[in-house]
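Visitor: Fold the following and give me the result.
(2 chains)
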Amino acid sequence: MALPVLICDDSILARKQVRKSLPESFDAEFQTAGNGLEALAVLRSQEIGLVFLDLTMPELDGVGVLEAIKAEGIDCFVIVISADIQPEMQKRVMELGALAFVQKPVNEDKIIGVLKQYGFV
Amino acid sequence: MNRLGFSEEQRDCLQEIINVAMGLASDKLARFLNTFVHLQVPSIALVGAMHIPEEFENRYQDAEAALVSQGFFGNEGVRGEAIVLYQMENAHKISALLGYEAGDVSEIEMLTDISSILTTTFLNGLADQIENSLSYSAPRILSSRHGNVADVLKNTSFHWEHALKVDISYQLIDHSFNCDMILLIPGEAVSNIKNILDRILEAY
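Guide: Have a look, this model is predicted:
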């Protein structure tokens, strides 16, 4: 069965980059969100298996989304994809429950590596 | 941003490339200052270079300001001049963080260092993504006294047609620090940039 996946980034290009980096063998149904608030609206109303989450976004940033997921006990895996590569930020998102941190810009190697590591493909 | 005819797709593409470059520059700055930098989405705008002095006049007119400039050169006609503007009040906060005394001569060196870190890391990150590589001239201080920022900007931007304004706002963990970065570029660079953006967009 296809995995429900949410791609959250304020950039259209970045969302397309994620989509294009995913292997064909990855059976998923995609939804997108343009900021953290939109992402939470989806996460609160639907079952989402995996989120690709940007950090630096207007309205609500990725850290805010991770905090809400944790506080509300929303059941989903989160892979953070961000340009904010400061070690402290990476540590912070992992502590908030992210599965992995991927440095922008994404490409096939980076995404497939992470998906394989956690058994998504 | 659309004043010079960027499509919404081109703007989104440029914004994302700038965000990634900004992330690299912030990481470098955070390491240099040994602190954490809270990243915000930088606002970008492309304007005629002649409008640059008036765009910054209000923000800098009453404050002591410093301007540091650095030239850059790459392939495919990509070249220009990067200017980082600071209010001295912000510069003093940074020097305090690094253990300098306000007004110290070395504070100017510190500003040159920070500007150079910001500019070269940012522009290298930008160049990598558009498969270009850049070289740089040495950074130079354009003004560090209570002078007329608009006049200094007028003299500098006079040589260029266009300017890409990148409004950077850094919040350090217990201080806030703002500066502006302006990339002055010649007219032909704008059409080159558009071609490069279209090439990237076609790939997706």
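
Visitor: all helices for the chain, in order.
Guide: Since you didn't name a chain, this refers to chain A. A:12-21, A:36-45, A:62-72, A:87-95, A:108-117 (DSSP state H).

Visitor: wrong chain, I was asking about chain B
Guide: Under DSSP H, chain B gives helices at B:8-33, B:52-60, B:88-97, B:105-129, B:149-157, B:187-202.

Visitor: Those into TSV, with extra columns for distance to chain A, mean pLDDT and mean neighbour count?
Guide: C-beta: built from backbone N, CA, C; applies to glycine. Output for the helices of chain B, formatted as TSV (distance: least, C-beta to the nearest C-beta, whole Å; pLDDT from 0 to 100; neighbours: other C-beta atoms under 10 Å in any protein chain shown):
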stretch	distance to chain A	mean pLDDT	mean neighbour count
helix B:8-33	3	91	21
helix B:52-60	22	78	17
helix B:88-97	16	79	18
helix B:105-129	6	87	19
helix B:149-157	28	78	19
helix B:187-202	7	87	16
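
Visitor: Tabulate these in a markdown table, adding columns for distance to B:K165.
Guide: Below are the helices of chain B laid out as a markdown table (distance: least, C-beta to C-beta, whole Å):
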| stretch | distance to B:K165 |
| --- | --- |
| helix B:8-33 | 11 |
| helix B:52-60 | 7 |
| helix B:88-97 | 18 |
| helix B:105-129 | 13 |
| helix B:149-157 | 11 |
| helix B:187-202 | 14 |
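
Visitor: ok, back up a step: from the helices of chain A, which stretch is densest packed?
Guide: Using mean count of other C-beta atoms under 10 Å in any protein chain shown, the stretch among these with the largest mean neighbour count is helix A:12-21, at a mean of 21.

Visitor: Alpha carbons only: can I get it in CSV?
Guide: C-alpha atoms of helix A:12-21 as CSV (Å, rounded to 0.1, in the frame of the first residue of the first chain):
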residue,chain,number,x,y,z
ILE,A,12,8.3,25.2,-4.8
LEU,A,13,11.8,24.3,-6.2
ALA,A,14,12.8,22.6,-3.0
ARG,A,15,9.6,20.5,-3.0
LYS,A,16,10.3,19.5,-6.5
GLN,A,17,13.9,18.6,-5.7
VAL,A,18,12.7,16.2,-3.0
ARG,A,19,10.1,14.6,-5.2
LYS,A,20,12.6,14.2,-8.0
SER,A,21,15.2,12.7,-5.7
